[in-house]
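Novice: whatever this is, show me its structure:
(chains A, B, C and D)
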There are 2 protein chains.
Amino acid sequence: MRAEALKGHLDTMILAVLASGPLHGYAVIEQLKVRSGGSLALPEGTVYPALHRLEEAGYLSSSWSDGGRRRRVYSLTRRGRGELGGRRTEWRAFSAAVEAVLA
Amino acid sequence: MRAEALKGHLDTMILAVLASGPLHGYAVIEQLKVRSGGSLALPEGTVYPALHRLEEAGYLSSSWSDGGRRRRVYSLTRRGRGELGGRRTEWRAFSAAVEAVLA
DNA sequence: ATTGACACCTAGCAACACTAGGTATAAGCT
DNA sequence: AGCTTATACCTAGTGTTGCTAGGTGTCAAT
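Specialist: Alright, predicted model coming up:
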């Protein structure tokens, strides 16, 4: 998978993964891999900054899990859920446009 | 359409448009708009540098059209045609992966 | 004559994924 | 006990890329 392909879509996918319930960062990385059938094996240096970005934007909230391993657990905010809806629609439009041009 | 959505896919679409035959730069912009049903209205400052990039990479060749308006006409090279094939496949994989994650 | 469409260009900016490092805990193996 | 691997987090810096905002010039139509 070409590096630049992701651009602008990673955030959407992270929001989608977190729509199923809160997860800590490392688990988000795993879920992206699992859900994509292995084709989205993203390095931590890609995902962690994205999570920070999304929290900064108000789409996610996070808290440290108590006990055991140091884990930052992320949840979708109401704003984040709304954003996901818009982004999904945008993805369909974009995808259709590319498909039309490639056809 | 979000600005970053395109990233990494514009080059593929330009190659696809030129697979139907040589076009000058401005016409490439128009074709992208037409083929996408109007949703890909890209500014010149986006497309011209991309054309230069693709030529630099050996995927396109260009020449100035003689007579009338100053136009640089771009053609897909053999290398470019091969590249397009690979990129199309990559797009399908990427698209499927995103769809799977969003589902 | 002047507006608008055509047709090309580039410097600089901002966003973003990745590289390449770092720290630290827990589990499994020998 | 020591060692390795997987888990779990982080960030500074880099390279690519699309866009903004300007510029130049031609041609057709009002």
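
Novice: tell me who's in contact with the residue nearest to the spatial centre of chain A.
Specialist: Taking CA atoms, centre = their mean, the centroid of chain A lies closest to A:Ile14, which sits 1.0 Å from it. Going by CB atoms under 8 Å, 6 or more residues apart in numbering or on different chains, A:Ile14 touches A:Val28, A:Leu32, A:Val47, A:Ala50, A:Leu51, A:Leu54. Quick note: C-beta positions are derived from backbone N, CA and C, even for glycine.

Novice: ok, now A:Arg2?
Specialist: Residues in contact with A:Arg2 (CB under 8 Å, 6+ apart) are B:Gly8, B:Glu90, B:Phe94.

Novice: just curious, which of those is nearest to chain A?
Specialist: Taking CB to the nearest CB as the measure, B:Gly8 is the one of the contacts of A:Arg2 closest to chain A, at 3.0 Å.

Novice: pretty sure the closest one sits in a strand.
Specialist: No - going by DSSP: H, G, I helix; E, B strand; the rest coil, the assignment for B:Gly8 is coil, not a strand.

Novice: what's the burial count for A:Asp66?
Specialist: 6 (other CB atoms under 10 Å in any protein chain shown).

Novice: in three-state terms, how would it be classified?
Specialist: coil.

Novice: which of the three states applies to the residue of chain A found nearest DNA strand C?
Specialist: Distances between chain A and DNA strand C by CB to the nearest atom of the strand are smallest at A:Gly45, namely 2.3 Å. At A:Gly45, secondary structure determined by three-state DSSP is helix.

Novice: do you know the pLDDT at it?
Specialist: A:Gly45 carries a pLDDT score of 96 in this model.

Novice: chain A against DNA strand C: which residues are in contact?
Specialist: For chain A, the residues in contact with DNA strand C (CB under 7 Å from any atom of the strand) are A:1, A:3-4, A:6-11, A:42-46, A:49-50, A:53, A:68-70.

Novice: so which of these are also by chain B?
Specialist: Residues of the residues of chain A next to DNA strand C in contact with chain B (CB under 8 Å from any CB of the partner chain): A:Met1, A:Ala3, A:Glu4, A:Leu6, A:Lys7, A:Gly8, A:His9.

Novice: does the first one touch B:Ser95 like I think?
Specialist: No - between A:Met1 and B:Ser95 there is no contact under CB atoms under 8 Å: 11.3 Å.
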